[in-house]
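A.B. asks: What follows is a predicted structure for the sequence shown.
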Protein chains: 2
Amino acid sequence: MLKRLDNLLEQFNGNNIDAFLINAVPNIRYLTNFTGEDAFLLVASKKLFLIVDSRFTVQAEGEVFEGVEVLEYKAPFINYFKDFLLKEKVHWLGVEKNRMALNLYLSLSSLSFLKIVFLDNVVEDLRIVKDLQEVEKIKKACAISSKSFSETLAVIKEGITERDIASELEYRFKRNGGAKPSFDTIVASGKRGALPHGLASDKKIIPHELIVMDFGVFFDGYASDTTRMVCVGEPTGEEKKVFEVVRKAQEIGRNFVQKGISASEVDMKVRKFIQDEGYGDYFIHGLGHGVGLEIHESPRLNTDSKTILDENMVITVEPGVYLPGKFGIRVEDTMLVGKESSVILTELPHEIYIV
Amino acid sequence: MLKRLDNLLEQFNGNNIDAFLINAVPNIRYLTNFTGEDAFLLVASKKLFLIVDSRFTVQAEGEVFEGVEVLEYKAPFINYFKDFLLKEKVHWLGVEKNRMALNLYLSLSSLSFLKIVFLDNVVEDLRIVKDLQEVEKIKKACAISSKSFSETLAVIKEGITERDIASELEYRFKRNGGAKPSFDTIVASGKRGALPHGLASDKKIIPHELIVMDFGVFFDGYASDTTRMVCVGEPTGEEKKVFEVVRKAQEIGRNFVQKGISASEVDMKVRKFIQDEGYGDYFIHGLGHGVGLEIHESPRLNTDSKTILDENMVITVEPGVYLPGKFGIRVEDTMLVGKESSVILTELPHEIYIV
């Protein structure tokens, strides 16, 4: 994994820092392979120090990439860290502006020998383009979630609760080799579908109501993200019509995604189509987001995004139309951006699943 | 829920602030009943403003307690918030020192009309003592997890993987009415048991190896936390002996917990017992922690804790002994602190479960 470290060290030039303190868990995992949920990573010249408390020492020593040194601190961290910075002669310390807790910043600010330099999205920007190992893990996560969804369709019927559907799906995630859901599974039926974040509730499934299922799983640290629509029996005319708008919008987005296209352009193209169909006011979120060690990461696909898509970025394309008090519809895939087109990683037909 | 708000407003006296910005999700849930994962809460004089983006507006309006006003912002938050603070004539703004993101703090710092006041654990301290509704939810979470654990014992046998055991347990959590695991389920067998945070892996269960199972579930936002030891067949002599030390230590802790006792004293009493038995170096974490809307919250039960236990606090008692390269043992209950004793909420026999 020296490539990742090399890429990071390149960022040091021009920043004039002696060391870089990283405390965002997914960034630490990316650079060290440590899978625990609590640690600090100090990158100093060519060395990486992973600083953990006694709960994680043995685990960290067993997990980290070659070249990462594991150190154990006793709380409070700041006392240990102060001595360490003095020993390593660190005066200019880079910190993760978007990730650091205020409390830690205030503690560091009180160290008179230290100058703090704010760095923005340094590791996040490295993580936008996935390497081969990462793509394989995301593919596997996507395959597990597609298989689990297909299996779960068999249990969806009138009277089952949204929660039970989520439970059946998540059980299959694990049985099929996944670690855990990559976010709280959304199963939102009927009116609840109009809540973009309608977590599975005790509401029972009623025939002819559309069900939004938005789900994903982690495999070896990497996430998948899919949304499909399900219905017990046939949906009604209006729902079918709006579904067709969203399905087509999503297809337009997918077909447009490739290296060199700007993320905001993809968002705007899809948004324009939905506006032209008369539902522009009801598409109330961005078109998509990056997927990797986090379920939501760079790049963002929205009107303001500055990202130009590049090969081996992994993103979602997920337009939705939400009609409050009536129903909601979203269709979503996780996609691997390619040179002249893109690949759907969450392979599943895009139609409404009539069960 | 006016009581919670009253308690909060009492904290205002003496702090000389015009308003208090709360952005920790569990604190927002506690004060407003909003269950989404992204929002800002501004408490100004006697008013609560819950500020969300368009994904959450409908949901928030349906969920919040009476007296909470829902407002919708368009990103970036800071632009919207600046205008709002000016309109509400807020100059002295309290913020959550232990919860706020550095980035938001830096944005707020750049507003010239604003003075920022750091507040420490204001809402967390209110949350330490649970009210009746909260206790009922925690009891229910504990009951679901105990029932699910008992049911899962039937599937544990030679050759099943740790991951499959976790999967079976979590499936039962949902089937029994729980929302999701309150933390990543730990199933750590044999040598892996010596990792205090040994998440369920693909390791297969071998007879006579001890299995640490540390698990919990959320019910209506509230967590449970339990650890029990399981073994396929009889454990060996040394493991039995160390188990007896830990079991006894946990019992001593449980029996000592009541209103008026200091949290550090409970930790020290249990620690002393384990030291006297010769395993002091292998009890490498604090004795316990509060449980509520978060799986780890105030109070802490460790050597440095300043908390005096009070009625209706909910805490864990969880001593452990970890012998690297050999095995690990932990026994844990979630307990409701009472006036003259305490109640185990995670009712399950404390013996090794021989399956």
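C.D. replies: All right, it came through fine.
A.B. asks: the helices in the stretch 101-250 of chain A, which residues?
C.D. replies: For the stretch 101-250 of chain A, helices defined by DSSP state H, counting those that start in this stretch occupy the ranges A:102-109, A:122-127, A:132-152, A:162-175, A:237-256.
A.B. asks: Can you give me the neighbour number for the closest residue to A:Trp92 other than its chain neighbours?
C.D. replies: Distance criterion CB to CB, 6 or more residues apart in numbering or on different chains; nearest residue to A:Trp92, sequence neighbours excluded, is A:Ile17 at 4.5 Å. C-beta here means a position set from N, CA and C on the backbone, and glycine is covered the same way. By other CB atoms under 10 Å in any protein chain shown, the residues close to A:Ile17 number 21.
A.B. asks: circling back to that earlier point, please identify the deepest-packed of the helices of the stretch 101-250 of chain A.
C.D. replies: Mean neighbour count (mean count of other CB atoms under 10 Å in any protein chain shown) peaks for helix A:162-175 among the helices of the stretch 101-250 of chain A, with a mean of 23.
A.B. asks: is it anywhere near chain B?
C.D. replies: Yes - counting by CB under 8 Å from any CB of the partner chain, chain B has neighbours in helix A:162-175: A:163-164, A:166-167, A:170-171, A:174-175.
A.B. asks: before we move on, back to that, JSON lines for the helices of the stretch 101-250 of chain A, including mean pLDDT?
C.D. replies: Formatted as JSON lines, those follow (pLDDT from 0 to 100):
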{"stretch": "helix A:102-109", "mean pLDDT": "95"}
{"stretch": "helix A:122-127", "mean pLDDT": "94"}
{"stretch": "helix A:132-152", "mean pLDDT": "98"}
{"stretch": "helix A:162-175", "mean pLDDT": "94"}
{"stretch": "helix A:237-256", "mean pLDDT": "97"}
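A.B. asks: need those helices in a markdown table with distance to A:Lys339, can you?
C.D. replies: Formatted as a markdown table, those follow (distance: least, CB to CB, whole Å):
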| stretch | distance to A:Lys339 |
| --- | --- |
| helix A:102-109 | 42 |
| helix A:122-127 | 20 |
| helix A:132-152 | 14 |
| helix A:162-175 | 32 |
| helix A:237-256 | 14 |
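A.B. asks: still on that earlier bit, for the residues of helix A:162-175 next to chain B, which one is nearest B:Phe81?
C.D. replies: Ranked by distance to B:Phe81 (CB to CB), the residues of helix A:162-175 next to chain B are led by A:Ala166 at 34.5 Å.
A.B. asks: if I look at the closest one, how far off is A:Ser201?
C.D. replies: 9 Å (CB to CB, to the nearest Å).
A.B. asks: what do these two both touch?
C.D. replies: Taking CB atoms under 8 Å, 6 or more residues apart in numbering or on different chains as the criterion, A:Ala166 and A:Ser201 both touch A:Val187.
A.B. asks: Give me the contact list for stretch A:302-309.
C.D. replies: Contacts of stretch A:302-309 (CB under 8 Å, 6+ apart): A:128, A:257-264, A:266-268, A:271, A:286-287, A:298-301, A:315, A:337, B:75.
A.B. asks: If any of those are buried, put those into a PyMOL selection.
C.D. replies: Buried residues among these (16 or more other CB atoms under 10 Å in any protein chain shown), as a PyMOL selection:
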select buried, chain A and resi 128+257+258+259+261+263+264+266+267+268+271+286+287+298+299+300+301+315+337
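A.B. asks: Please flag which of the contacts of stretch A:302-309 sit within helices.
C.D. replies: In this view, the contacts of stretch A:302-309 that belong to helices under DSSP state H are A:263-264, A:266-268, A:271.
A.B. asks: re earlier: can you tell which of the helices of the stretch 101-250 of chain A is closest to B:Lys147?
C.D. replies: Comparing the helices of the stretch 101-250 of chain A by CB to CB, helix A:162-175 comes nearest, at 14.6 Å.
A.B. asks: Packing partners of the closest one?
C.D. replies: Contacting helix A:162-175 under the criterion 3 or more CB pairs under 8 Å, 6 or more residues apart in numbering or on different chains; DSSP states H and E are the following elements: helix A:132-152, strand A:186-189, strand A:210-215, helix B:162-175.
A.B. asks: next helix or strand past the helix or strand of chain A at the bottom of the mean pLDDT ranking?
C.D. replies: The weakest-scoring helix or strand in chain A, judged by mean pLDDT, DSSP states H and E, is helix A:2-10 (a mean of 79). The helix or strand immediately downstream of helix A:2-10 is strand A:19-22, counting by DSSP states H and E.
A.B. asks: ok, and the closest non-adjacent residue to A:Lys137?
C.D. replies: In space, A:Lys137 is closest to A:Tyr222, 3.9 Å off (CB to CB, 6+ apart).
A.B. asks: My read is that the one you found contacts A:Leu293, right?
C.D. replies: Yes - counting by CB atoms under 8 Å, A:Tyr222 touches A:Leu293, with 6.3 Å between them.
A.B. asks: Show me which of these two is the more surrounded one.
C.D. replies: A:Tyr222 (26 against 22).
A.B. asks: For that one, name its beta-bridge partners.
C.D. replies: Per DSSP bridges, the residues bridged to A:Tyr222 are A:Phe219.
A.B. asks: And for the least confident helix or strand of chain A, what's in contact with it?
C.D. replies: A:20, A:30-31, A:43, A:46, A:48, A:67, A:122-123, A:126, A:131.
A.B. asks: hmm, 7 Å instead?
C.D. replies: A:30-31, A:43, A:46, A:48, A:123, A:126 (CB atoms under 7 Å, 6 or more residues apart in numbering or on different chains).
A.B. asks: Repeat that for stretch A:155-164.
C.D. replies: Contacts for stretch A:155-164 (CB under 7 Å, 6+ apart): A:165, A:168, A:187-189, A:200-207, A:230, A:232, A:355, B:174.
A.B. asks: Quick one: end-to-end length of that stretch, please.
C.D. replies: Terminal residues of stretch A:155-164 are spaced 9 Å apart (CA to CA, to the nearest Å).
A.B. asks: buried ones in that stretch?
C.D. replies: For stretch A:155-164, by 16+ other CB under 10 Å, it's A:156, A:160-164.
A.B. asks: a markdown table please, covering the residues you listed and showing distance to A:Ala249.
C.D. replies: Formatted as a markdown table, the buried residues of stretch A:155-164 follow (distance: CB to CB, whole Å):
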| residue | distance to A:Ala249 |
| --- | --- |
| A:Ile156 | 25 |
| A:Ile160 | 30 |
| A:Thr161 | 30 |
| A:Glu162 | 25 |
| A:Arg163 | 30 |
| A:Asp164 | 31 |
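A.B. asks: Closest one of these to chain B?
C.D. replies: Chain B has its nearest neighbour among the buried residues of stretch A:155-164 in A:Arg163, at 6.4 Å by CB to the nearest CB.
A.B. asks: So that closest one versus A:Trp92, what's the distance?
C.D. replies: 52 Å.
A.B. asks: and if you look at A:Ile206?
C.D. replies: On the measure of CB to CB, A:Ile206 and A:Trp92 end up 62 Å apart.
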